[in-house]
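Undergrad: test case, fold it:
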Amino acid sequence: MYSRVSLWFAAANLDKDFAPMSVVKNECAMVASPSETSTGGKRKREGKLRSKVWEHFTKHENKPECVCNHCERVFSCKTNAGTTPLQRHIFWGRCAVYKKENEGKVETLPKNTKRSLGQDRNFVPRNFDEECSLRDLTELIINWELPFNFVEDPSFQKYIRGIYPTYKFPSWITMRSDCMKRYEVEKNILKDILEHSKPRVCLTFDTWTSSKDLPYMAIRVHFIDKGWKLHKRIINFVLVPVKESGENLADVIIRCLLEWNIKKICTITLDNCTTNDVLARTLSEHYSSRSSLLLQGCAVQVRCWGRILNLIVQEGLDEIKDSIRRIRNAVKYVKMTPGKEFEFLQFADQEGIPRGKMLALDNYTQWNSTYKMLGSVLPYRWAYDRMRSCDRHFKDPPTPEDWEKAKIVPTDLGSLRGRMALNMLEKFEKYWMEKEPNILLSVAVVLDPRCKLKYLRFCYNKIYDSSLVGDLMDRVEGELRKLFDEYMAEYEASCCVEATSNKSSDEGTPSVISTSAFQLKMNSIEDFFKFSEEEDVFQSKTELDDWIRGEPVQTDFEEEMDKAFSGPD
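TA: This is a model prediction of the structure:
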């Protein structure tokens, strides 16, 4: 008898295109072991046909032969031959009848993959699933943000045909339809999450302008589900109405929230402009009448502090705005085309400037991007000087004074930075000192176990005049108690509904009082003392008092919150 190793080498030497090792190993089990043979010349016990290939062949009872169930071709199937020829015939596409019957479904193996697959012991031939393949292609289009007609690209089709020659490519119309179906599936999943959690959402908005100067608005919701997981999801992406007024924008948002069945709103974060003030007021009036806002909507609008911070920084840079404008135009000129950028790098090499961080163009809406731009362009000052002398198309280049002012911004502590700081302080006071702080932001600080009421008072003493701190603290604490009472009333109402339903189910079975008058009197006195003690405790302290008057927690907050809000195992 051949050993398993020698049998495998024998099969491999018969043909260069030997079978995968996992297949040979399975077929080796068909060969009886020495213990299964008898020295007395008895017939060997038949091995069990374990290979899947036998689903396509019928073995002859008296001869070591088998017949293909599809094309009726006869093959030798001696016990020492293995099933490699049978595997090739079926799974490698050599049976014309089987291939025709399963055209577009069966997955055949190219010749150059047979040896590599032989190294994979877990490889199992499988049928091609057209629906699964189309779903994966749809996911590829969405994740890479590719156009729908990507599937009609000749290079992509050439690559796929090299893998699967008979693949039927979908049209771009089919891809658009499948992407919309996938969108509807994900939309229904998000609707189920919102319906199950019924959260109070925070709304934020982003606006974009397309290449055709059409304004678009993305509506985002932020909420925490029942598993204490924070979500941030875009629920709509709409074209802004032609007449961009606060009322029109509010109408678009209200219709979007109705579509998603969102009824409870916590805050609305907006930029500081007249249109957004009208938008916030319209939304507040609409949802206040439906009891969908906290504190009757008095704290629903939150200013976008990122936008305000950007305005403060831009106000500080106003002292050198002309210099920054020329430097910004110089960066734009270099990054205009790859050819210009390559030419600029050659100028840098001629000046002996090492190639490090490349030029970065700033974004007016991001407060720190201007500083990043200045930091990236300063090392290339002399390359720009050489470009100015060699490139006649380079108009209005930065002057030596511009470079000196740009160098001062991150380092100088003198008069220029002092003037910038005064402008920034004036803008800061306009948006912070002259306006009352948002109540819900202050409440969030109080509810933070690390901060509570003490930290809020500490911050107010740092920011405001001491004569204002007392009134501000009283207002925050008063609004916090109102908020606590709102949630208590909502909780008691839900408990009342549950108790009423339980009572209605118990009606018709009156209880029998068997207590004597003396026992009733004694129980009443004991109940009175118990009631008196509970009333004194209730009047002196509530859970809210315990929280805000308690000491802040000094611990590894992130680790503790992960444990507390990880949910049930």
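
Undergrad: C-alpha only now, for contacts and for neighbours.
TA: Fine.

Undergrad: low-confidence ranges, the stretch 401-550 of the chain, go.
TA: 409-421, 423-424, 427-438, 494, 496-541 (pLDDT under 70).

Undergrad: so what are the domain limits for the chain?
TA: The chain breaks down by automatic domain parsing into domains covering 4-32+49-118, 129-197, 199-302, 310-429, 437-496.

Undergrad: residue 370 in helix, strand or coil?
TA: helix (DSSP: H, G, I helix; E, B strand; the rest coil).

Undergrad: how about it: what's its closest non-neighbour residue?
TA: Nearest residue to residue 370 in three dimensions, chain neighbours excluded: residue 362, at 5.0 Å (CA to CA, 6 or more residues apart in numbering).

Undergrad: just give me the neighbour total for the one you found.
TA: For residue 362, the neighbour count with other CA atoms under 10 Å is 18.

Undergrad: got any ranges where the stretch 251-400 of the chain has weak pLDDT?
TA: Along the stretch 251-400 of the chain, segments meeting pLDDT under 70 span 272-274, 291, 297-309, 311-312, 316, 364-367.

Undergrad: roughly how far apart are the closest residue to residue 78 other than its chain neighbours and residue 58?
TA: Leaving aside its sequence neighbours, residue 78 sits nearest to residue 64 (CA to CA, 6+ apart; 5.2 Å). Taking CA to CA, to the nearest Å as the measure, residue 64 falls 11 Å from residue 58.

Undergrad: and what of residue 553?
TA: The value you get for residue 553 to residue 58, if CA to CA is used, is 76 Å.

Undergrad: I'd like the domains of the chain written out as TSV, with distance to residue 547 added.
TA: Converted to TSV, the domains of the chain look like this (distance: least, CA to CA, whole Å):
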stretch	distance to residue 547
domain 4-32+49-118	64
domain 129-197	26
domain 199-302	20
domain 310-429	32
domain 437-496	8
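
Undergrad: show me what the helix or strand containing residue 180 is packed against.
TA: Using DSSP states H and E, residue 180 falls within helix 172-197. Counting contacts by 3 or more CA pairs under 8 Å, 6 or more residues apart in numbering; DSSP states H and E, helix 172-197 packs against helix 130-143.

Undergrad: quick one, the helix it packs on and helix 172-197 angle?
TA: Helix 130-143 and helix 172-197 are oriented at 80 degrees to each other (axes from the mean of the first three to the mean of the last three CA atoms, to 10 degrees).

Undergrad: as CSV, could you dump the C-alpha coordinates of helix 130-143?
TA: Taking C-alpha atoms only, helix 130-143 is exported to CSV below (Å, rounded to 0.1, in the frame of the first residue of the first chain):
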residue,chain,number,x,y,z
GLU,A,130,-25.0,36.8,-9.0
GLU,A,131,-27.2,38.5,-6.4
CYS,A,132,-24.4,38.5,-3.8
SER,A,133,-21.9,39.8,-6.3
LEU,A,134,-24.2,42.7,-7.3
ARG,A,135,-24.7,43.6,-3.7
ASP,A,136,-21.0,43.7,-3.2
LEU,A,137,-20.5,45.9,-6.3
THR,A,138,-23.2,48.3,-5.0
GLU,A,139,-21.4,48.6,-1.7
LEU,A,140,-18.1,49.3,-3.6
ILE,A,141,-19.8,52.1,-5.6
ILE,A,142,-21.2,53.7,-2.4
ASN,A,143,-18.1,53.4,-0.2
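
Undergrad: what does that helix rub up against?
TA: Helix 130-143 has contacts (CA atoms under 8 Å, 6 or more residues apart in numbering) with 105, 147-148, 175, 178-179.

Undergrad: buried subset of those residues, written for ChimeraX?
TA: Only the buried entries of these go into this ChimeraX selection, using 16 or more other CA atoms under 10 Å:
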select :105,148,175,178,179
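
Undergrad: longest helix in this structure, by residue count?
TA: helix 466-506 (DSSP state H).

Undergrad: tell me if residue 268 really is in a strand.
TA: Yes: counting by three-state DSSP, residue 268 falls inside a strand.

Undergrad: so it makes contact with residue 203?
TA: Yes: between residue 268 and residue 203 a contact is recorded at 4.8 Å, counting by CA atoms under 8 Å.

Undergrad: three-state assignment of the residue nearest to residue 370?
TA: Strictly by three-state DSSP, residue 362 counts as coil.

Undergrad: for residue 330, see how far away it is.
TA: Residue 362 is 12 Å from residue 330, by CA to CA.

Undergrad: what ranges does the stretch 101-250 of the chain have for its helices?
TA: 114-118, 130-143, 154-163, 172-197, 246-259 (DSSP state H, counting those that start in this stretch).

Undergrad: of these, which is nearest residue 451?
TA: Within these, the stretch nearest residue 451 is helix 172-197; the backing value is 28.1 Å (CA to CA).

Undergrad: same question for that closest one, mean pLDDT?
TA: Helix 172-197 carries an average pLDDT of 92.

Undergrad: count of neighbours near residue 323?
TA: Neighbours of residue 323 (other CA under 10 Å): 21.

Undergrad: that one sits in which helix or strand?
TA: Assigned by DSSP H and E, residue 323 falls in helix 321-334.

Undergrad: now do that helix: which elements does it pack against?
TA: Helix 321-334 packs on helix 338-350, helix 400-411, going by 3+ CA pairs under 8 Å, 6+ apart.

Undergrad: would you format the ones you listed as JSON lines with mean neighbour count and distance to residue 372 included?
TA: Converted to JSON lines, these look like this (neighbours: other CA atoms under 10 Å; distance: least, CA to CA, whole Å):
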{"stretch": "helix 338-350", "mean neighbour count": "15", "distance to residue 372": "19"}
{"stretch": "helix 400-411", "mean neighbour count": "14", "distance to residue 372": "10"}
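
Undergrad: let me have those helices in a markdown table, extended by distance to residue 163.
TA: A markdown table is the format used below for the helices and strands packed on helix 321-334 (distance: least, CA to CA, whole Å):
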| stretch | distance to residue 163 |
| --- | --- |
| helix 338-350 | 35 |
| helix 400-411 | 56 |
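
Undergrad: contacting residues for residue 71?
TA: Contacts of residue 71 by CA under 8 Å, 6+ apart are 95-98.

Undergrad: so is it in a helix, a strand, or just coil?
TA: Three-state assignment for residue 71 (three-state DSSP): coil.

Undergrad: quick check: pLDDT value at it.
TA: Value for residue 71, per-residue pLDDT: 90.

Undergrad: any idea how far it is from residue 97?
TA: 6 Å.

Undergrad: just residue 264 next, same as before
TA: Residue 264 is 64 Å from residue 97, by CA to CA.

Undergrad: what of residue 446?
TA: Taken as CA to CA, the span from residue 446 to residue 97 is 76 Å.

Undergrad: mind checking which of those two has more residues around it?
TA: Set residue 446 next to residue 97 and count neighbours by other CA under 10 Å: residue 446 wins out with 23 against 15.

Undergrad: ok, now how distant is the residue lying closest to that one once chain neighbours are set aside from residue 63?
TA: Nearest residue to residue 446, sequence neighbours excluded (CA to CA, 6+ apart): residue 452, at 3.8 Å. When distance is defined by CA to CA, residue 452 is 89 Å away from residue 63.

Undergrad: low-confidence ranges, the stretch 51-200 of the chain, go.
TA: Short version for the stretch 51-200 of the chain, where the test is pLDDT under 70: 103-126.

Undergrad: now do 90
TA: Residue ranges of the stretch 51-200 of the chain with pLDDT under 90: 51-56, 58-65, 70, 72, 74-133, 145, 162-168, 193, 195-200.

Undergrad: what strand or helix carries residue 315?
TA: Going by DSSP H and E, residue 315 is part of helix 305-316.

Undergrad: meant to ask about residue 58
TA: Going by DSSP H and E, residue 58 is part of strand 57-59.

Undergrad: list the pairing partners of that strand within its sheet, with orientation.
TA: Strand pairing for strand 57-59, using DSSP bridges, gives strand 65-68 (antiparallel).
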